[in-house]
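Chemist: sequence and predicted structure, then a few things I'm wondering about:
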Amino acid sequence: MTPRRHALKKALSNVLATAAVAAAIFGLPRPAAAEDELVFAGFGGSLQKALQATVIPAFEKKYGVRVIYVTGTSNQILAKVKTQRSRPQIDVIWANDTTHYQGKADGLFAKLDPAKVPNLEDLYDFAKDPDGVGVVMGIQALGIEYNTDVFKEKGWEPPTSWADLWDEKYKGHVVAYNMPIGYTNLLLGKIAAMNGGSSEQLDAAWDKFKALTPNALAFVDPPAQIDALFGTGSAWIGFNGSARVHDLADQGAPVAMVLPKEGGILYPQQFDMVEGAPHPDLAHKFIDFTLSPESQQQIAKTMLLGPVNKTVKLEPAVAEKVPYGAEEVEKLEHLDISAINKNLQALTARWTAMVGSR
């Protein structure tokens with residue numbers, strides 16, 4: 001390096017350092033971060049492996065950038081975003097219905113610029129946030145999971161109703177998720193509505209779930225525990241998301257899923273851009289890329305999440321395992337559980353006290 005180039009480089013470094021100090025002292029905007037990497041916080045396990053094997057490398061290749069994947073549960077991810085509020089380090093997070101609501105209410109997520117996410121035009125209406133904050137990137141159907149070996153051995157027909165969870169013939173073999181797992185939050189609202197209440201009036205649901213407690217084999221938190229109980233044959237019936245059930249069945253477990261006659265429930269998964277994201281342009285590009293027909297096909301095939309882009313065409317073998325097509329998607333109930341999400345901490349405490357250590 002020539003003396004002149006060295007002097008120029010040193011001068012530039014001093015300018016940037018001065019700008020950073022001024023920003024820290026006077027609250028001025030920091031110099032924009034280089035748009036050569038994206039920090040994404042998402043779920044671990046098979047979902048992480050699938051995303052890192054398909055969508056992420058395709059995105060990196062297209063834009064010549066690197067994606068840094070930060071792993072955690074939905075609650076852990078949201079907590080990390082909260083602790084970084086004054087200086088965000090994450091660009092995009094993977095949220096569920098509950099953490100999307102909570103983060104949005106806390107002002108942790110930014111509005112998307114529709115001009116930078118052109119694939120929004122091809123999405124189902126429910127996938128678009130009414131306030132333009134984040135977007136649903138894939139869906140599951142919440143339904144009843146049952147042990148096909150046990151049902152065949154006993155000569156039982158597959159379950160047909162949410163009320164079947166309370167059938168005495170399953171006593172000691174019903175498994176359920178705890179609150180605040182998203183599946184339970186949704187089912188609490190549904191059971192309330194089936195018994196004269198609503199997501200705002202939950203007394204009927206509390207009575208029903210209290211009555212379920214003696215029938216239950218276990219109330220669990222991690223989905224892997226549900227999988228293990230069905231895999232050993234201890235669990236005969238429960239509720240779960242379609243992606244979880246079909247993934248377990250693909251591994252050879254004797255499980256299947258039915259959508260109850262009262263209706264399966266739409267379970268959305270969102271991508272949210274963090275307010276003050278260090279790489280906002282790439283964040284928009286990444287979200288738009290995941291909504292493209294090509295990415296949505298890969299997400300359906302490898303993650304078993306139904307596409308939200310209406311133009312997507314799926315192979316029959318994939319379409320059988322995910323909510324797909326306008327007719328099927330619209331049949332799923334789109335529950336508004338904002339009242340539950342708003343009071344989730346208190347409701348979770350009540351739930352925990354009710355089910356105890358089961």
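Modeler: Sure, I can see it. Numbering: from 1, shown residues only.
Chemist: okay, CA-based contacts and neighbour counts for the rest of this
Modeler: Noted.
Chemist: can you map out the strands along the stretch 101-250 of the chain?
Modeler: Under the criterion DSSP state E, counting those that start in this stretch, the stretch 101-250 of the chain contains strands at 135-147, 174-177, 216-220, 237-241.
Chemist: which stretch among the ones you listed comes nearest Ile287?
Modeler: In terms of C-alpha to C-alpha, the element of the strands of the stretch 101-250 of the chain nearest to Ile287 is strand 135-147, at 8.2 Å.
Chemist: list the helices and strands the closest one packs on?
Modeler: Secondary structure elements in contact with strand 135-147, counted by 3 or more C-alpha pairs under 8 Å, 6 or more residues apart in numbering; DSSP states H and E, are strand 237-241, helix 242-250, strand 255-258, strand 265-273, helix 293-303.
Chemist: the helix or strand following the last one: which residues count as buried?
Modeler: Spelled out, it's helix 293-303. Per DSSP states H and E, the first helix or strand lying C-terminal to helix 293-303 is helix 316-319. By neighbour count, and taking 16 or more other C-alpha atoms under 10 Å as the criterion, the buried residues in helix 316-319 are Val318, Ala319.
Chemist: swap in stretch 192-210?
Modeler: Taking 16+ other C-alpha under 10 Å as the basis for neighbour counts, the residues of stretch 192-210 that come out buried are Ala192, Ala193, Gly197, Ser198, Ser199, Leu202, Ala204, Ala205, Trp206, Lys208, Phe209.
Chemist: same thing with stretch 61-70?
Modeler: Using 16+ other C-alpha under 10 Å as the test for burial, stretch 61-70 gives Arg66, Val67, Tyr69.
Chemist: show the end-to-end separation of stretch 262-282, please.
Modeler: Counting by C-alpha to C-alpha, to the nearest Å, the length from the leading to the trailing residue of stretch 262-282 is 42 Å.
Chemist: buried residues in that stretch?
Modeler: Within stretch 262-282, the residues that count as buried by 16+ other C-alpha under 10 Å are 263-280, 282.
Chemist: mean confidence (pLDDT) on it, please.
Modeler: Here the mean pLDDT over stretch 262-282 is 97, rounded to a whole number.
Chemist: go on, stretch 285-294?
Modeler: Per-residue scores along stretch 285-294 average to 98.
Chemist: so where's the chain shaky on pLDDT?
Modeler: Within the chain, the segments meeting pLDDT under 70 span 1-34, 357-358.
Chemist: can I get the buried residues of stretch 61-70 in JSON lines including distance to Asp288 and secondary structure?
Modeler: What follows is the buried residues of stretch 61-70, written out as JSON lines (distance: C-alpha to C-alpha, whole Å; DSSP: H, G, I helix; E, B strand; the rest coil):
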{"residue": "Arg66", "distance to Asp288": "16", "secondary structure": "strand"}
{"residue": "Val67", "distance to Asp288": "15", "secondary structure": "strand"}
{"residue": "Tyr69", "distance to Asp288": "18", "secondary structure": "strand"}
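Chemist: got JSON lines for those residues, with distance to Ser46 too?
Modeler: Below are the buried residues of stretch 61-70 laid out as JSON lines (distance: C-alpha to C-alpha, whole Å):
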{"residue": "Arg66", "distance to Ser46": "21"}
{"residue": "Val67", "distance to Ser46": "18"}
{"residue": "Tyr69", "distance to Ser46": "14"}
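Chemist: which among those gets closest to Glu330?
Modeler: When the buried residues of stretch 61-70 are compared for distance to Glu330 (C-alpha to C-alpha), Tyr69 comes out closest, at 32.9 Å.
Chemist: quick check: the closest one touching Phe40?
Modeler: Yes. At 5.1 Å, Tyr69 counts as touching Phe40 under the criterion of C-alpha atoms under 8 Å.
Chemist: and stretch 108-122, end to end?
Modeler: Distance between the two ends of stretch 108-122: 26 Å, counting by C-alpha to C-alpha.
Chemist: now Glu37: phi and psi?
Modeler: Note on Glu37: backbone dihedrals following degrees, to the nearest 10 are phi -150, psi 160.
Chemist: give the full set of residues in contact with it.
Modeler: By C-alpha atoms under 8 Å, 6 or more residues apart in numbering, the residues touching Glu37 are Val65, Arg66, Val67, Ile68, His279, Leu282.
Chemist: run the last query once more with 6 Å
Modeler: Taking C-alpha atoms under 6 Å, 6 or more residues apart in numbering as the definition of contact, the neighbours of Glu37 are Val65, Arg66, Val67.
Chemist: closest to Lys116 out of those?
Modeler: Taking C-alpha to C-alpha as the measure, Val65 is the one of the contacts of Glu37 closest to Lys116, at 17.6 Å.
Chemist: that closest one against Glu35, yeah?
Modeler: No. Applying C-alpha atoms under 6 Å as the test, Val65 and Glu35 come out as separate, 7.9 Å apart.
Chemist: how far away is Asn309 from Pro130?
Modeler: When C-alpha to C-alpha is the yardstick, Asn309 and Pro130 sit 17 Å from each other.
Chemist: scratch that, Asn195 is what I was asking about
Modeler: In this structure, Asn195 and Pro130 are 29 Å apart, going by C-alpha to C-alpha.
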